[in-house]
Structure formats: structure tokens, C-alpha cells
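Q: Pasting a predicted model and its sequence here:
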Amino acid sequence: MPLTNNKKIYFASDQHFGAPTPELSFPREQQFVAWLDEVKQDAEAIFLLGDLFDFWFEYKTVVPKGFVRILGKLAEIRDSGIPIYFFVGNHDLWMGDYFQKELNIPVYRDNQEFTFGDKTFLIGHGDGKGPGDKGYKRMKKVFTNPVAKWFFRWLHPDLGVGLAQYLSVKNKLISGAEDVVFLGEENEWLIQYAKRKLETKHYNYLVFGHRHLPMVFPLGNNSDYVNLGDWISYFTYGVFDGDTFEIKKYE
């Protein structure tokens, strides 16, 4: 993807809209819409790296109630010709084809490689990557099992969505919640994962969400691990101008 003069690539992750309640989430949704309005002015593309919603499940004819401002703004930006790319996270991994059909936004379920100018990127949400986190990895296999999804789909949406939203907030194993403090290079699973990926192929930037801890961590040999933070505590996002990658805070 070539970068037009003065255009930028924007990245954001882990908004968890709808949590802990729709009422408390609403001001954060308004803030994110304002951010989208700003970045669309010079965006070459926008990458959303998962957990946009605290819970999302698509029934055949039903999607979760709410988020109309977010969805409307994404539709407006996409209709203007700006590409948007969405990566499912551990909270919205049950996304189907709604984004593709209604918003013309491609949805990815695993890491993808991109090249912007002369810089190479590996991009993904980051859940279940690297060593450790075995409890969540087992749980994810259950969540993504076609039989489990089929049974869940038969629950009435009022029951199914309500139950899932409750567990999303209350159950640490499901939520993937961690203490948002730097655990040290050897204990940060995504840093270790990034190092392993670099053993087989070089990337300038390995960009993830999930960890909720904003950072650009140098890995040597002109490679950086990037975590985008979140829109709960940090309100941070990533921006690549064709030369450097920065984490910025939206205020």
C-alpha cells in the first residue's frame, strides 16, 4: 500500500464498547466517534485491531443492540473511499459477515502482513499468541467450535447476549483481563511471540492490541513490537506517517 503525500495509517484497539454498561460506555463511544472524525481528514487507511465491542454475536437476522453512532461513522468513512480493516478480538470473535456486507469492511481472524511504503508490518489482535495463557487458549477453542456456536445461536438473543455480556465482564478467563502493568520483557507473552516471529521473517513493526498496555518496544534489527493500549484507561492509538510509528493519546 503506497502512502499518498501527507497521508497516515491509523490504528486503534480494545474499545470494549458496551462495558461495563451501555450508559457508562456511551461517553467513550462519543469520544471514539470524535477521533474518527479527526483522523479521516488525513487517513490513508484505518486499522481496528479487535475488541471494538465488549461482546458481539451475529444471529442470522439479529446483531446486538446499540453502537449505532460507531457503525454509522464507520460506514460514512468507508463510503468516502478510505479503507478500514477489522481484526476480531477475543470479545468479538463471533463476528460473522455483517461488517463485510453492511459496511464493506474486511474482517480478519488471524495476523495479516502489510507493507506501507518500504516498511513491513505484522498486524493482529494478539489473543492466544505466545507462550502461556493456556486457560484462555483452551476456552477459545470452545468459543470457536462450530457445534458450540450452533447451540448458542439457539438461545433467544435476550438471554444469549445478556448471559455473554455478564460473563464478559465477570469472568477473567473469558475476558482475558490482566493487570495492566509491564511484566518485564521475559514475561510479556506478545513480546516473546514477536521475537519468535522475527526468527523466521523480518518485520519493521509487529502491531497488536489485547494487552491494553500502550508501548513501542524495540526488538533490535530495526524491528519494534507495538501495543496500541485501549480506549478504557489510556485512549491511545497508533499512527504511521510513512517513516515512524507513534503511540498517541486522544484528548
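A: Looks like it came in fine.

Q: got the residue ranges for the strands in the stretch 151-251 of the chain?
A: 205-208, 215-220, 223-227, 236-240, 245-249 (DSSP state E, counting those that start in this stretch).

Q: With respect to Glu102, which of those strands lies nearest?
A: Of all the strands of the stretch 151-251 of the chain, it is strand 236-240 that lies closest to Glu102, at 24.0 Å by C-beta to C-beta. (C-beta placed from N, C-alpha, C; glycine too.)

Q: and that closest one, what does it pack onto?
A: strand 8-12, strand 245-249 (3 or more C-beta pairs under 8 Å, 6 or more residues apart in numbering; DSSP states H and E).

Q: Could you say which of the strands of the stretch 151-251 of the chain is packed most deeply?
A: Per residue and on average, the most neighbours among those fall to strand 205-208, with a mean of 26 (mean count of other C-beta atoms under 10 Å).

Q: what number of residues lie near Asn222?
A: Neighbour count for Asn222, taken as other C-beta atoms under 10 Å: 11.

Q: For it, which non-adjacent residue is spatially closest?
A: Nearest non-adjacent residue to Asn222, counting by C-beta to C-beta, 6 or more residues apart in numbering: Asn204, 6.1 Å away.

Q: Dump the helices and strands packed on strand 236-240 to a markdown table, plus mean pLDDT and distance to Ala45.
A: Formatted as a markdown table, the helices and strands packed on strand 236-240 follow (pLDDT from 0 to 100; distance: least, C-beta to C-beta, whole Å):
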| stretch | mean pLDDT | distance to Ala45 |
| --- | --- | --- |
| strand 8-12 | 97 | 5 |
| strand 245-249 | 97 | 14 |
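
Q: want to try JSON lines for the ones you listed, with distance to Pro64 as columns?
A: Putting the helices and strands packed on strand 236-240 into JSON lines (distance: least, C-beta to C-beta, whole Å) gives the following:
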{"stretch": "strand 8-12", "distance to Pro64": "20"}
{"stretch": "strand 245-249", "distance to Pro64": "28"}
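
Q: Relative to Thr115, which of these is closest?
A: The minimum distance between Thr115 and these falls on strand 8-12, with 11.2 Å, by C-beta to C-beta.
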